[in-house]
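> kindly generate the corresponding structure for this input.
(one chain, ligands or ions: 1)
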Amino acid sequence: MTTTTTTTTTTDEAFEGYLGAHAQERLESYKDFVRIPSISALPEHAADCRRAAEWIAADLERIGVEHVEVSETGGHPIVYGDWLHAAGAPTVLVYCHYDVQPVDPLDLWTSPPFEPVVVGDRILGRGVADDKGQLHLHLRATEALLATHGSLPINLKFAFEGEEESSSVNLEHWLAANRERLAADFAVISDTGFFEGNLPAITVGLRGMMYAQMDVTGTSVDLHSGGYGGVVQNPANAVATIIARLKDADGRILIPEFYDDVVPMTEADHAAFAALPFDEAAYLRRLGLPELFGEEGYTTLERRGARPTLDVNGIWGGFQGEGAKTIIPAHAHAKVSSRLVPDQDPDQIFEAFRAFVLEIAPPGVRVDVRSLGGGYPSVTPIDHPATRAAARALEATFGREPLYVREGGSIPVCATFENKLDLPVVLLGFDPPDQQAHAPNEWMDLRNYETGIRTVARMWDEVAALGRDAFRVGTGV
Ligand SMILES: [Zn+2]
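Numbers count the residues shown, from 1 in each chain. Got it, this is the predicted structure:
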């Protein structure tokens with residue numbers, strides 16, 4: 001397919017005029033939305049999550065989106081809505097989440113988390129970036145297009161989740177049950193951000209996850225280390241013995257078969273990482289560490305974005321009070337997780353981890369290993385027509401070609417969309433890179449938010465110009 005350069009644009013003067021005339025109202029609406037404390041992980045905020053869902057549904061209805069529904073999931077609801085009158089044009093499914101992280105430690109916030117304030121170019125409050133700000137900017141782009149043109153250049157479907165910050169426990173089932181209703185040419189997930197220096201970026205890769213806990217048990221109660229020391233296995237020593245054998249001194253993971261499915265990096269992959277502007281000295285200074293450490297043969301950004309990891313997330317057992325207590329602990333534990341890269345399978349990695357831990361476990365104790373969950377890694381091809389359209393929209397609005405970034409983090413939703421709905425995913429997000437999501441004083445750059453509205457609208461024009469054929473499997477690019 002050829003790319004058209006004479007795009008009929010809906011992001012015209014009328015569109016800009018509407019956004020200009022409604023700037024104050026838009027900011028007030030953004031703040032209203034942030035004021036709802038929709039913390040999905042805390043049961044006492046269940047009613048707030050529902051209130052946030054209903055807020056979105058009312059907003060969608062008001063701006064002219066159809067078939068709006070607060071859809072039950074068994075947990076916090078998912079808000080669905082669509083606008084499907086662009087006959088013959090592509091259809092895009094837009095995903096964001098309306099739930100937010102808990103706010104503690106509260107005393108580190110400079111203003112109350114659910115009373116958003118504007119300071120200069122920033123708005124502060126829980127969820128202003130992750131992910132209510134991004135959800136809100138999609139609503140405002142749709143509003144401005146429908147208000148000024150009476151139509152959208154493409155068909156849009158919205159699915160706004162309320163459990164992303166608490167493991168999306170009901171999402172997969174809901175997606176499967178709504179597969180037909182969610183059919184689209186591709187999905188846009190807006191839950192990521194820009195690169196260091198607030199440079200426009202498209203996230204093209206996310207790591208997956210394997211999370212496990214090991215429980216090492218000796219006797220039923222702690223033993224006197226004088227009476228029994230030297231004659232029984234110590235569970236805390238056993239945990240340390242096991243952990244010490246999981247990786248070598250160069251940071252390579254020693255679990256057999258762990259790397260078997262890792263897709264090797266190509267020359268182009270190395271070049272893409274090398275092209276990212278990255279100040280390693282500043283990065284190290286910010287961390288306050290004597291030096292960085294990671295797997296031999298890879299750069300820092302490659303280690304973070306393209307290589308799998310294994311880390312102890314917590315380790316405990318035995319006496320931890322002040323002073324001395326001479327015991328052999330009855331039991332000891334560790335939580336261990338791996339960030340995964342294509343094509344590692346979280347279930348297979350868990351099984352390999354479990355088998356290896358049991359194999360290397362020292363004698364004299366019982367070792368149990370159980371899974372605490374996992375998620376698949378994902379990578380979107382840079383040359384997918386939807387990614388290209390997003391790149392052109394970013395360049396047109398932010399005045400700079402975006403960077404393509406493989407991130408160290410995980411958005412399990414992304415792989416779920418790919419696997420359950422067979423949809424290619426574009427991660428088009430506008431958060432500034434140091435937005436303090438999940439931490440006190442979360443903030444959003446209002447220029448990213450405002451330009452983000454224009455980018456989204458512009459992207460729909462780009463997608464309309466490509467036409468449906470560009471997104472048929474085996475064509476396009
Ligand atoms: Zn998020």
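> ok, and what's touching stretch 230-244?
214, 216-219, 223, 312, 315, 317-318, 328-334, 336, 357, 360-365, 367 (Cβ atoms under 8 Å, 6 or more residues apart in numbering). Any C-beta I mention is one placed from the backbone N, CA and C, and that applies to glycine too.
> quick check: buried residues in it?
Residues Q233, N234, P235, A236, N237, A238, V239, A240, T241, I242, I243 are the ones in stretch 230-244 that count as buried (16 or more other Cβ atoms under 10 Å).
> same deal with stretch 190-204?
190-196, 198-204.
> how far away from the center of its chain is that stretch?
Taking Cα atoms, centre = their mean, to the nearest Å, the mean C-alpha location of stretch 190-204 is offset from the chain mean by 12 Å.
> so for that stretch, mean pLDDT?
Stretch 190-204 comes out with an average pLDDT of 94.
> identify the farthest-apart pair in the buried residues of stretch 190-204.
Largest separation among the buried residues of stretch 190-204 by Cβ to Cβ: S190 and E196, giving 19.5 Å.
> what's downstream of the lowest-mean-pLDDT helix or strand in the chain, the next helix or strand?
Least confident element among the helices and strands of the chain, by mean pLDDT, DSSP states H and E: strand 378-379 (a mean of 86). Remark: after strand 378-379, the chain's next helix or strand is helix 385-398, criterion DSSP states H and E.
> returning to that earlier point: sheet partners, orientation included, of the least confident helix or strand of the chain?
If you go by DSSP bridges, strand 378-379 pairs up with strand 201-206 (antiparallel).
> can you give me the helices in the stretch 201-350 of the chain?
Here the stretch 201-350 of the chain has its helices, by DSSP state H, counting those that start in this stretch, at 225-228, 235-244, 267-274, 280-287, 300-305, 346-360.
> what lies in contact with the last one?
What that stands for is helix 346-360. 208-210, 212, 214, 241-242, 245-246, 254-258, 261, 336, 338, 340, 367, 369, 371, 374-376.
> mind doing that once more with 6 Å?
Here helix 346-360 makes contact (Cβ atoms under 6 Å, 6 or more residues apart in numbering) with G208, M210, A212, M214, I242, R245, I255, E257, F258, V369, S371, G374.
> of the residues you listed, which is the most crowded?
Within the contacts of helix 346-360, most neighbours by other Cβ atoms under 10 Å means M210, with 27 neighbours.
> my guess is that residue contacts S338. True?
Yes: assessed by Cβ atoms under 6 Å, M210 is found in contact with S338 at 4.4 Å.
> below-threshold pLDDT in the protein: ranges please.
Applying pLDDT under 70 to the chain flags the ranges 1-8, 473-477.
> scan it for its longest helix.
Secondary structure of the chain per DSSP state H: the longest helix is helix 446-466.
> the inter-axis angle of that helix versus helix 385-398?
With axes from the mean of the first three to the mean of the last three Cα atoms, to 10 degrees defining the directions, helix 446-466 sits at 130 degrees from helix 385-398.
> centre of the chain to helix 446-466, how far?
Put simply, helix 446-466 sits 21 Å off its chain's centre (Cα atoms, centre = their mean).
> also stretch 102-120?
On Cα atoms, centre = their mean, the centre of stretch 102-120 falls 22 Å from that of its chain.
> any buried residues in it, and which?
P102, V103, W109, P113, F114, P116.
> in a markdown table: those residues, plus secondary structure and distance to the ion.
Converted to a markdown table, the buried residues of stretch 102-120 look like this (DSSP: H, G, I helix; E, B strand; the rest coil; distance: Cβ to the ion, whole Å):
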| residue | secondary structure | distance to the ion |
| --- | --- | --- |
| P102 | coil | 14 |
| V103 | coil | 15 |
| W109 | coil | 19 |
| P113 | coil | 16 |
| F114 | coil | 17 |
| P116 | coil | 17 |
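> farthest-apart pair in these, please.
P102 and P116 (17.0 Å).
> residues in contact with stretch 451-468?
Contacts for stretch 451-468 (Cβ under 6 Å, 6+ apart): 4, 7, 9-11, 89-90, 137-138, 140-141, 145, 153-154, 385, 389-390, 392-394, 396-398, 430.
> for ChimeraX, write the selection for the buried entries among those.
Written as a ChimeraX command, the selection of buried residues from these, which uses 16+ other Cβ under 10 Å, is:
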select :7,10,11,89,90,137,138,140,141,145,153,154,385,389,390,392,393,394,396,397,398,430
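> return only those of the contacts of stretch 451-468 found close to the ion.
Among these, not one lies near the ion by Cβ under 5 Å from the ion.
> what's the nearest residue to the residue most central in space within the chain if we skip its chain neighbours?
Geometric centre of the chain, nearest residue: I411, 3.3 Å, by Cα atoms, centre = their mean. Leaving aside its sequence neighbours, I411 sits nearest to L206 (Cβ to Cβ, 6 or more residues apart in numbering; 5.3 Å).
> give the contact list for that neighbour.
Going by Cβ under 6 Å, 6+ apart, L206 touches S378, E407, S410, I411, C414.
> quick check, nearest of these to V94?
For the contacts of L206, the residue nearest V94 by Cβ to Cβ is C414; the value is 13.6 Å.
> ok, the closest one - contacts?
With Cβ under 6 Å, 6+ apart, C414 has these contacts: I189, L206, S378, V425.
> next, format these as CSV and append distance to G74.
As requested, those are exported to CSV (distance: Cβ to Cβ, whole Å):
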residue, distance to G74
I189, 22
L206, 26
S378, 25
V425, 24
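> would you list those in a markdown table and tack on distance to the ion?
Output for these, formatted as a markdown table (distance: Cβ to the ion, whole Å):
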| residue | distance to the ion |
| --- | --- |
| I189 | 9 |
| L206 | 12 |
| S378 | 15 |
| V425 | 14 |
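> out of these, which are buried?
Neighbour-count burial (16+ other Cβ under 10 Å) applied to the contacts of C414 gives I189, L206, S378, V425.
> grab the nearest non-local neighbour of the first one.
By that I understand I189. Using Cβ to Cβ, 6+ apart and skipping the chain neighbours, the partner closest in space to I189 is Y95 (4.7 Å).
> please list all residues in contact with L403.
Contacts for L403 (Cβ under 6 Å, 6+ apart) come out as F195, L199, A201, L276.
> which residue sits closest to it in space, ignoring its chain neighbours?
Nearest one to L403, counting by Cβ to Cβ, 6+ apart, is A201 at 4.4 Å.
> wait, the one you found sits on R406?
No: if you go by Cβ under 6 Å, A201 and R406 don't touch, sitting 10.6 Å apart.
> one step back: any idea how far the ion is from the residue nearest to L403?
Relative to the ion, A201 is positioned 16 Å away (Cβ to the ion, to the nearest Å).
> OK, contacts around that residue?
For A201, the contact set (Cβ under 6 Å, 6+ apart) comprises F194, F195, P402, L403, V405.
> give the bridge partners for the second one, please.
Spelled out, that is F195. In this structure, F195 bridges to L199 when assessed by DSSP bridges.
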